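Asks: the following comprises the amino acid sequence and a computationally predicted model.
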Amino acid sequence: MRFYYYVIAVVVLILDFFSKKWIVNNMKEYDQFSVIGDFFLITSHRNRGAAFGILQDQRVFFIIITIVIVGAIIWYAQSVRKSGSVLLLSGLGLVLGGAVGNFIDRARFGEVVDFFKFNFGSYTFPIFNVADSAIVVGVILIMLDTLLSMKEEKKGKVAVENE
């Protein structure tokens, strides 16, 4: 299937939408319940900023940046769809789905619904959602693809030099 990365993006978008909808419909803001003791909690939280709560209340900025990023991802995915690796295109699909998921929240409500909360002793990791997770995993896959491509390129240069 040639455009499977769009399927990945749509699956992320659907999972993100329904998980956020469940949180909004079933929990009041700041409510939480334990999944694994104090380590992992589902916590109803709203974020009016970016990752880690930075740049609070910059809605127009985030909307513009996200439109540019989504456009760039779509353009790049289309340009490498025949030559790009499964790793690269899957990563792009994950980032695309996550970016659009958070974009929809920001455009509609001016904030993003977050709910995954992890505590590591006295440290609490910033609360996040399905879209954020997809973006992080997608970026990791893209970086892994880049590293593997560099390794293959280096191997090819060594082979050519040894001929």
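Replies: Cool, the structure landed.
Asks: can you tell me which helix or strand of this protein has the lowest average pLDDT?
Replies: Here the helix or strand of the chain ranked lowest by mean pLDDT, DSSP states H and E is helix 130-161, holding a mean of 85.
Asks: and it, what does it pack onto?
Replies: When contacts are defined as 3 or more Cβ pairs under 8 Å, 6 or more residues apart in numbering; DSSP states H and E, helix 130-161 packs onto helix 4-26, helix 86-109, strand 112-120. The way it works is simple: take the backbone N, C-alpha and C, and place the C-beta from them, glycine included.
Asks: what sits against the residue nearest the centre of the chain?
Replies: With distances taken as Cα atoms, centre = their mean, I135 lies nearest the centre of the chain, 1.6 Å away. Residues near I135 by Cβ atoms under 8 Å, 6 or more residues apart in numbering: L94, V95, G98, A99, N102.
Asks: how about TSV for those residues, with distance to L147, neighbour count and pLDDT added?
Replies: What follows is the contacts of I135, written out as TSV (distance: Cβ to Cβ, whole Å; neighbours: other Cβ atoms under 10 Å; pLDDT from 0 to 100):
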residue	distance to L147	neighbour count	pLDDT
L94	17	26	97
V95	17	27	96
G98	21	25	95
A99	23	23	94
N102	27	26	92
